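Participant: I would like the atomic coordinates for the input below:
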Amino acid sequence: MPAYHGWHLALWIVVPAMIAWAVWQAISPGLIQSTVLAGPLAAKLPVFDVERQSILAEAWTLAKNPSAIAFNPLAAEFAEPLRAAQTRFGIIGAGLVAIFAFAGGAWGFTRIRAAFPA
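Facilitator: Residues are numbered from 1 along each chain as shown. You can find the predicted model right below:
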């Protein structure tokens with residue numbers, strides 16, 4: 001099998017997977033925040049937008065770095081649901097990337113023929 005067959009197939013695996021990963025990275029923070037805000041703990045958040053966003057920003061920091069210190073104690077309560085949602089949506093994203101990689105590779109493999117032009 002000539003090298004260009006392998007590169008052709010590698011591109012059909014990597015490019016769809018990277019596109020799926022980029023799209024998932026763009027939409028997953030919104031899904032994570034929506035999931036957390038749909039929970040019963042969201043009733044504790046203040047009505048004022050600036051305070052609410054400040055608490056959520058601290059919670060995101062705590063979810064990413066458990067050794068960080070939170071100014072607001074409510075942010076510490078939101079850190080664990082955020083971490084759980086990040087894990088859940090991370091697994092979903094990894095599955096989607098794997099599906100796109102497999103689909104792209106399968107489609108690319110069907111295009112390889114003996115008369116495949118260079």
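Participant: Which residue comes closest to residue 75 once chain neighbours are left out?
Facilitator: residue 58 (3.5 Å; Cβ to Cβ, 6 or more residues apart in numbering). C-beta: built from backbone N, CA, C; applies to glycine.
Participant: Residue 20 contacts residue 97, correct?
Facilitator: Yes: if you go by Cβ atoms under 8 Å, residue 20 and residue 97 touch, sitting 5.1 Å apart.
Participant: Can you give me the buried ones in stretch 88-107?
Facilitator: Buried residues in stretch 88-107, defined by neighbour count with 16 or more other Cβ atoms under 10 Å: 89, 93, 97, 100, 101, 104, 105.
Participant: next one: phi and psi at the third one?
Facilitator: Note on residue 97: backbone dihedrals following degrees, to the nearest 10 are phi -60, psi -40.
Participant: what residue ranges in this structure are flagged as low confidence?
Facilitator: For the chain, residues meeting the criterion pLDDT under 70 lie at 1-2, 116, 118.
Participant: and after the strand or helix carrying residue 29, which helix or strand comes next?
Facilitator: Taking DSSP states H and E as the criterion, residue 29 maps to helix 3-37. Using DSSP H and E, the helix or strand that follows helix 3-37 in sequence is helix 49-64.
Participant: distance between that next one and the chain's centre?
Facilitator: Here helix 49-64 is found 19 Å from its chain centre; the criterion is Cα atoms, centre = their mean, to the nearest Å.
Participant: Could you list the buried residues of it?
Facilitator: For helix 49-64, burial by neighbour count (16+ other Cβ under 10 Å) applies to 54, 55, 56, 58, 59, 60, 61, 62, 63.
Participant: Next: stretch 6-21.
Facilitator: Of the residues in stretch 6-21, 8, 9, 12, 13, 16, 17, 20, 21 count as buried by neighbour count, 16+ other Cβ under 10 Å.
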